[in-house]
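**Q** Starting from these lines, generate the structure:
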Amino acid sequence: MKIEWTFARNKPWTIDLVLDFVTIANRYSCNIYVGVSGKMLNTKGLLGIVSLSLSLGNQSVIVLQLDGVDAQEAFEKVSVYLQSADHSIQKAFSHSS
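**A** Modelled structure (predicted):
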């Protein structure tokens, strides 16, 4: 299963958000990538995500891609976390199997 989700954040990521996001991503066996402007990073690597978070500004459009057997379960946890971390996230997602 492959899922792609595009969302916008109205404020930069905090270190707490990054740490929790990477922790959640590491609970799943599927591949989870996040990126901006076509540059995708593995969400299970803390340094890459910290670097990405520092480059994000207000109104950043971010792509989240998940691929693997537990992608749906991971997507539900990750997207719920990101939505609860910032209620101003607006999402549009496409789902393909």
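
**Q** can you map out the helices along the protein?
**A** 15-25, 46-55, 71-85 (DSSP state H).

**Q** And the first one, what's buried?
**A** Spelled out, that is helix 15-25. Across helix 15-25, burial judged by 16 or more other C-beta atoms under 10 Å covers 17-18, 21-22, 24-25. (Glycine included, C-beta is placed from N, CA and C.)

**Q** ok, residues contacting that helix?
**A** 13, 32, 43-46, 49-50, 53, 74, 77-78, 81-82, 85-86 (C-beta atoms under 8 Å, 6 or more residues apart in numbering).

**Q** hmm, 7 Å instead?
**A** 32, 43-44, 46, 49-50, 53, 77-78, 81, 85 (C-beta atoms under 7 Å, 6 or more residues apart in numbering).

**Q** Any of those residues buried? List them.
**A** 32, 43-44, 49, 53, 78.

**Q** Out of these, the closest to residue 66 would be?
**A** residue 32 (5.1 Å; C-beta to C-beta).

**Q** for that closest one, which residues make a bridge with it?
**A** residue 66 (DSSP bridges).

**Q** Looks like it contacts residue 74 (just checking).
**A** Yes. Contact criterion C-beta atoms under 7 Å: residue 32 and residue 74 qualify, at 6.1 Å.

**Q** okay, and the common contacts of these two?
**A** residue 66.

**Q** Okay, now the unreliable bits of this protein?
**A** Along the chain, segments meeting pLDDT under 70 span 9, 11, 57-59, 85-97.

**Q** Quick check on the residue found closest to residue 26 once you drop the neighbours it is linked to in the chain: phi, psi?
**A** If the residues on either side of it in the chain are set aside, residue 26 comes closest to residue 44, at 5.1 Å by C-beta to C-beta, 6 or more residues apart in numbering. As for residue 44, its main-chain torsions (degrees, to the nearest 10) stand at phi -90, psi 0.

**Q** Now for residue 71, how many residues are close by?
**A** 22 (other C-beta atoms under 10 Å).

**Q** so who does it touch?
**A** By C-beta under 7 Å, 6+ apart, the neighbours of residue 71 are 1-3, 30.

**Q** got the end-to-end distance for stretch 46-65?
**A** The first residue of stretch 46-65 is 17 Å away from its last residue (C-alpha to C-alpha, to the nearest Å).
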